[in-house]
Structures are given as C-alpha cells and as structure tokens.
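Peer 1: attaching a predicted model along with its sequence, questions to come.
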Amino acid sequence: MRVRVSGSRLFGYLWLVPLALLTALPLFWMVSASLMPGGAATTYPVPLVPHRPTLEHYVSLFERFHMLRYLGNSLLVAGSITLGSLLLNALAGYAFAMLRFRGRERLLRLVLAVLLIPVQITILPLFLMMRAMGLVGTFAGVILPNLASALGIFLMYQFMRTFPISLIEAARMDGASEWQIFWRIALPLSRPMLVTLGLLTFMSAWNDFLWPLVILTRQTHYTLPVALANLIGERVQDVELVMAGSVVTTMPVLLLFLVLQRYYIPVLLRGGLSGM
Amino acid sequence: MKDGGLSIELRVAGWFLGPALSVVLIFQLMPAGAAFLLSLTDFDLYTFAAPDTLRIVGLRNYQMLLQDGRFWLALRNTLYFVGLGGVLTLGLSLGTALWLNQRFVRFRALLRTVYFAPVVTTLVAVAIVWRYIYHARYGLLNQGLQLLGLEPVDWLGDPRWALPSLVLMAVWKNYGYSLLIFMAALQAVPEELYDAARIDGADLWQQFRHVTLPTLRPVVLLTGLVTANGYFQVFAEPYVMTGGGPLDATLTMVLLLYDQGFRWWRLGYAAALAFVLFVLMLLLSAVLLRLQREAQR
C-alpha cells in the first residue's frame, strides 16, 4: 500500500509541477524579453533570461509611445465602470432582495435572461445608438453600456438576500428611509461581495478589447489593449518593445489579483461565480 | 423571506432599480432585439450618408450568408475551436484538479495561483506574447523542438497548424478558471462516499469512476457550457495573432462579424451573422442544460 501511495504521489507531482512551469513560462518570457536589449530576443538560441537587463524599452514606451496616456485612459475607464456599476448593481440588488413590489419576480427573471445575451450580438446596434448620441470616440461611449450588468445585479441580490430581515425591519420601525438603510446597513454589510464584484468588474473592464476597439476611434482615447494591438501593427519587429507594452498592460491587473486573491478566490471556490 | 404585510410601492423600488435596469435595458436588451431587426435590412456604408435609402430586405442577408464560403469557413473554425478547446480545457482542468485535491499535495495555494494567473491577464497582451512564442524562426516553441532534434513548424503561418495553435493558447489562458470551479466541486464530495468505496475494495481509478465522476457531472456540464460559450466568442486571439489567416484558416465568426460590420460597414449582413451565432449558442446551452437535468435525475 505504501508503495502505491508514494507512486501516485510521484505521478501527481510529475503532472502538477511541469504544468505549473509551462503555465508560468509565457508570462516569465514576456517579462524577461521586455528587459533584453533591442534584437536580443530574436537571436538563436533564444535567451531565457536577459544577459544585460535594460529598461530602455519601458523608457521608450513612455517617452515616445504615450504609454502614460493609455495607462491613464485604462484607469479612468475601468475605474469609472467599477465604481459606477458597484453602486448601480448594489441599488438594484437591494431592491430585489429587500423591497416587495409588484412584478419583482418577472423583472428578476428578465435580468437573468439578459445573462444569456453575448455582447457580440449587441455591438452593431449599440454602435449605431452611440453614433446617434454623438458618443462614438468618447470615454462615455465605452463606460455607459458597462455601468450595470445582469450578473452584478444578480450577485448583489443573492448576497443581500442572506441579510437578516429583522435588522432591516427594525431600522424601518425606527423611521429610517430606504435610502438610509441601503447606505448605512446594506452597503457596509455587503463589503465582501463588493470587493469581489469590484475586482471582477475592474479586471474585465481593464482587459476588454472588442467594444473599445469598435467605439474608440481616436488614438488619444485608446485603452491599453487597443493601443497595444495598434503598437504591434506598427512595430511588429521590435519584439522587446512590444513585450514591454504587454507587461505594462498585464501587470496592473495581475498584481491587483495577487494582492486581493484571498477575497476573490473563496467566492469563486464557493462556486458563486460559476455562471461567469 | 415571506411577504410580511410589507408593501413598498413600485415608485420607491423604481428609484433603486431605475438606474441599473435602464442601463441593462437600453444598452443590452434593446440592442439584442435591434440586432435581429438590423439583420432584416440592407444597412451598409451608403446608409450612413443617406439614411432614407435603408430598405427592409427580409431574410436576404441570411440567404447571402448561406452562400458565403467565408461564413461556412468561419462556422467550421468556430465549431472546431469550441470542440477542441472545450475538450482540452475541461480535460486539463479536471485532471489537474483531481491531483491538486489529493491530500499529499504541498504548496497547493501557490500552485493554484500559478494555474489561475493566465485567467486574469489581458488577452490582447498574452496573445501577442504567444505570437512570438509561435514564431517560425526565433519562437521559443520551435527552439525547444530543435533541442529535441525535431523539425521547426511555422505554427501560425501554416494553415494546418494555425487554428490548433490558437486553441492551445486559449486553453492555456482559460483552464485555470474551470480548475478552480472543479476544485470547489471536489471539496464538496462527501468523504464518506470514498470511505465506503475503499471498504468495498475500490482502487483509485474505480473511486474516480464511481464516486467522483457522478457527483461532478452537473458541474462539468455547467462549466462546459460556460467554456463553450466563451470559445464561441473567440475574437482577440485571431485578431492579434493571425488576422484570421493564413487563407482564412483562423477566421472565426466574431472576427468575420467585426470584419463585415466595422471594416466594410455591412451592418445588416453582420447582424445576420451575429444572430446566427446567438442561436447556435442558445442551442448548445439548451442541449447542455437538458443533459444536466437528466444527470441530476
């Protein structure tokens, strides 16, 4: 028995460790190549680590390729979407969880149905709408459609539904308005879900590509992924420069995730987001 | 959560629901309906200049779609992506979750973080990285092959290899997500079931077949649904890595939609394509949800 167990232990590690190395390798190489002097990443054999590390490509990105502006654009867009949608989704979640009104069930079912609609089928009419509203090429055009989501509403509703109703009723007895109850009781109690949903929203807004690509027609308004796709079109030979651009684009969300994963992972592990 | 005689008027609820529901209604639900209406028109570049020339053409866009060789190619490539990508993603994540959940494994949290890291990276950025990894001459992959004495392959330039290469990249990006879901599901399997199986003399494989798999089945189906829907919408990988080439070998439905809609401004035609995509995704969802219901019975 002992032999069999240690055999499976060996086999387990033979699976888990190489897979981890292979999974990390592309990200490692992205960082490593971004630190190599120009042309070094395209020599044979390709070096895995830079012999003479340099930050020249990062300097060049920020000085010649307006990286700071794109970084700012991405922060503005993802930040606005995150803050705005947290508030709006929480408000709606509160109404579904705490208020009794006619048509509640039907509205909730409608919200769930919206979960099934892929963004790809909506972008054509959405573009025409934005054009009619004069929002093509603006940040508002990227932000507005993402200011609330069916998933966000549903998750907030699910979370707030677990609050003890007696707490809310007591506050109502004391004459608190629904707004006060929402702001002073429901929102603070929702903090774990707000952090998780906020992280999730920020990441997907930061990483979003198709809609910003369609709606952001002016280079000055590009978010990082759009700017990066544009950069590779122009500088495809400058591997090290493009890798530095990839690092600048990826690292903020990756670091955010690493710092906050102890909030994020448990919610995922509870299967709460299996509909994502 | 009973209705305790508490009746708040719709007006109060409206203040709370109004903002979020307007966004969802105006920017998500309405455009979905409008996409269908748009697909019945001949909206194209000229319509922007002269909106009054817009005509309703019924199902003509759909007819044109069926006669368009690129549509069938995009459909075939997308289904290939969904099929191969789905199987590889589920297989890899399930296999890994099973090992990672074994009691002897150390550094579990670290390993989990590594597997999950690609999920949170920016797709465009890592697709660019993989574009270089696959490079015919100085790509990391070919250099690795040469070390083993194998011939280099033009991964993204060869029509036979381009699509599988994109699938592999997508699997790398996504498998960590389903891995996490499977780990959660595995932890929920009651330990007594394994004890009972062991007493009956079941080996590891038999425990997996008769205890783990049946309890996991609903989760696998649901995760398969999410994964497949994700792969139906593949866009950034071919856009960044191959531009749909070579010879349309990596043309996907959403890439064709983008190409027709926003490069050639054939919005009516692109809307028909979008609607076909939507129906395909709904069909798959219906089939998988049905399978799940049967599994739970």
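Peer 2: Alright, I've got the coordinates. Everything numeric here is computed off the predicted structure, so don't read it as measured data. Numbering: from 1, shown residues only, chains lettered A, B, ... in the order given.
Peer 1: what about stretch B:276-292, distance to the chain center?
Peer 2: The chain centroid and the centroid of stretch B:276-292 are separated by 13 Å under CA atoms, centre = their mean, to the nearest Å.
Peer 1: ah, wrong one, I meant stretch B:46-54
Peer 2: 36 Å.
Peer 1: would you mind listing the buried residues in it?
Peer 2: residue B:47 (16 or more other CB atoms under 10 Å in any protein chain shown). Yep, even glycine has a C-beta here, placed from its N, CA and C like the rest.
Peer 1: ok, stretch B:86-103 next?
Peer 2: Neighbour-count burial for stretch B:86-103 [16+ other CB under 10 Å]: B:86, B:88-90, B:92-94, B:96-101.
Peer 1: return the member of these nearest to chain A.
Peer 2: Relative to chain A, the closest of the buried residues of stretch B:86-103 is residue B:99; by CB to the nearest CB it sits at 4.4 Å.
Peer 1: from what I can see that closest one touches residue A:16, true?
Peer 2: Yes: the pair residue B:99 / residue A:16 is scored as a contact, 5.5 Å apart, by CB atoms under 8 Å.
Peer 1: in a markdown table: the buried residues of stretch B:86-103, plus secondary structure, distance to chain A and pLDDT.
Peer 2: Formatted as a markdown table, those follow (DSSP: H, G, I helix; E, B strand; the rest coil; distance: CB to the nearest CB, whole Å; pLDDT from 0 to 100):
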| residue | secondary structure | distance to chain A | pLDDT |
| --- | --- | --- | --- |
| B:86 | helix | 16 | 97 |
| B:88 | helix | 13 | 98 |
| B:89 | helix | 13 | 97 |
| B:90 | helix | 14 | 96 |
| B:92 | helix | 8 | 97 |
| B:93 | helix | 11 | 96 |
| B:94 | helix | 12 | 94 |
| B:96 | helix | 6 | 95 |
| B:97 | helix | 11 | 94 |
| B:98 | helix | 9 | 90 |
| B:99 | helix | 4 | 91 |
| B:100 | helix | 6 | 92 |
| B:101 | coil | 10 | 87 |
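Peer 1: closest one of these to residue A:166?
Peer 2: Among those, residue B:101 lies closest to residue A:166 (CB to CB), at 39.2 Å.
Peer 1: give the closest residue to that closest one in space, chain neighbours not counted.
Peer 2: residue B:186 (4.6 Å; CB to CB, 6 or more residues apart in numbering or on different chains).
Peer 1: residue A:268 now?
Peer 2: Distances taken as CB to CB, 6+ apart place residue B:180 nearest to residue A:268, at 5.1 Å, with adjacent residues excluded.
Peer 1: surely that neighbour is in a helix?
Peer 2: Yes: judged by DSSP: H, G, I helix; E, B strand; the rest coil, residue B:180 forms part of a helix.
Peer 1: doesn't residue A:264 make contact with it?
Peer 2: No: between residue B:180 and residue A:264 no contact is recorded; they are 10.0 Å apart, counting by CB under 8 Å.
Peer 1: just to revisit the earlier point, need the residues touching each of residue B:99 and residue A:16.
Peer 2: residue B:105 (CB atoms under 8 Å, 6 or more residues apart in numbering or on different chains).
Peer 1: could you list the buried residues of stretch A:165-178?
Peer 2: A:168, A:171-172, A:176, A:178.
Peer 1: from these, which is closest to chain B?
Peer 2: residue A:178 (5.9 Å).
Peer 1: could you find the closest non-adjacent residue to the closest one?
Peer 2: Residue A:178 sits nearest to residue B:12 (CB to CB, 6+ apart), 5.9 Å away.
Peer 1: follow-up on the earlier one: and the residue nearest to residue A:268, what does it touch?
Peer 2: Here residue B:180 is in contact with A:265, A:268-269, B:112, B:116 (criterion: CB under 8 Å, 6+ apart).
Peer 1: redo that, cut-off 7 Å
Peer 2: Counting by CB atoms under 7 Å, 6 or more residues apart in numbering or on different chains, residue B:180 makes contact with A:268-269, B:116.
Peer 1: just the pLDDT at it, thanks.
Peer 2: Listed pLDDT for residue B:180 reads 91.
Peer 1: can you count the residues close to residue A:49?
Peer 2: Residue A:49 has 12 neighbouring residues, counting by other CB atoms under 10 Å in any protein chain shown.
Peer 1: surely it forms part of a helix?
Peer 2: No: counting by three-state DSSP, one finds residue A:49 to be coil, located in no helix.
Peer 1: quick one: contacts for it?
Peer 2: Contacts of residue A:49 by CB under 7 Å, 6+ apart are residue A:32.
Peer 1: for the stretch 151-276 of chain A, which residues are neighbours of chain B?
Peer 2: Contacts of the stretch 151-276 of chain A with chain B, taken as CB under 7 Å from any CB of the partner chain, map to A:153, A:161, A:165, A:178, A:203, A:206-207, A:209-210, A:214, A:225, A:228-229, A:232, A:239, A:242-243, A:246, A:249-250, A:253-254, A:257, A:261, A:268-271, A:274-276.
Peer 1: pull out the buried residues from these.
Peer 2: Burial by neighbour count, judged by 16+ other CB under 10 Å, picks out A:153, A:178, A:203, A:206-207, A:209-210, A:214, A:225, A:228-229, A:232, A:239, A:242-243, A:246, A:249-250, A:253-254, A:257, A:261, A:268-269, A:271, A:274 from these.
Peer 1: pLDDT below threshold where in the stretch 1-150 of chain A?
Peer 2: In the predicted model, the stretch 1-150 of chain A carries pLDDT under 70 at residues A:1-6.
Peer 1: now the helices: where do they sit in it?
Peer 2: A:2-34, A:56-64, A:67-98, A:104-114, A:119-132, A:139-143, A:150-160 (DSSP state H, counting those that start in this stretch).
Peer 1: of all these, which one is nearest residue B:150?
Peer 2: Nearest to residue B:150 among those is helix A:2-34; the distance by CB to CB comes to 17.2 Å.
Peer 1: so the closest one versus helix A:56-64, what angle?
Peer 2: Between helix A:2-34 and helix A:56-64, the angle formed by their directions is 50 degrees, by axes from the mean of the first three to the mean of the last three CA atoms, to 10 degrees.
Peer 1: okay, now the unreliable bits of the stretch 151-297 of chain B?
Peer 2: B:297.
Peer 1: re the thing from before, mark which of the contacts of residue B:180 are part of helices, please.
Peer 2: Among the contacts of residue B:180, the members found in helices (DSSP state H) are A:268-269, B:116.
Peer 1: could you provide the residues you listed in a markdown table, with additional columns for distance to residue B:27?
Peer 2: A markdown table is the format used below for the ones in helices among the contacts of residue B:180 (distance: CB to CB, whole Å):
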| residue | distance to residue B:27 |
| --- | --- |
| A:268 | 27 |
| A:269 | 32 |
| B:116 | 30 |
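Peer 1: what is the nearest of the contacts of residue B:180 to residue B:206?
Peer 2: Distance to residue B:206, by CB to CB, is smallest for residue A:269 among the contacts of residue B:180, at 27.2 Å.
Peer 1: helix or strand: which one has the spatially closest residue to that closest one that is not a sequence neighbour?
Peer 2: In this structure, residue A:269 finds its nearest non-sequential neighbour in residue B:184, 4.4 Å apart by CB to CB, 6+ apart. Using DSSP states H and E, residue B:184 sits in helix B:159-187.
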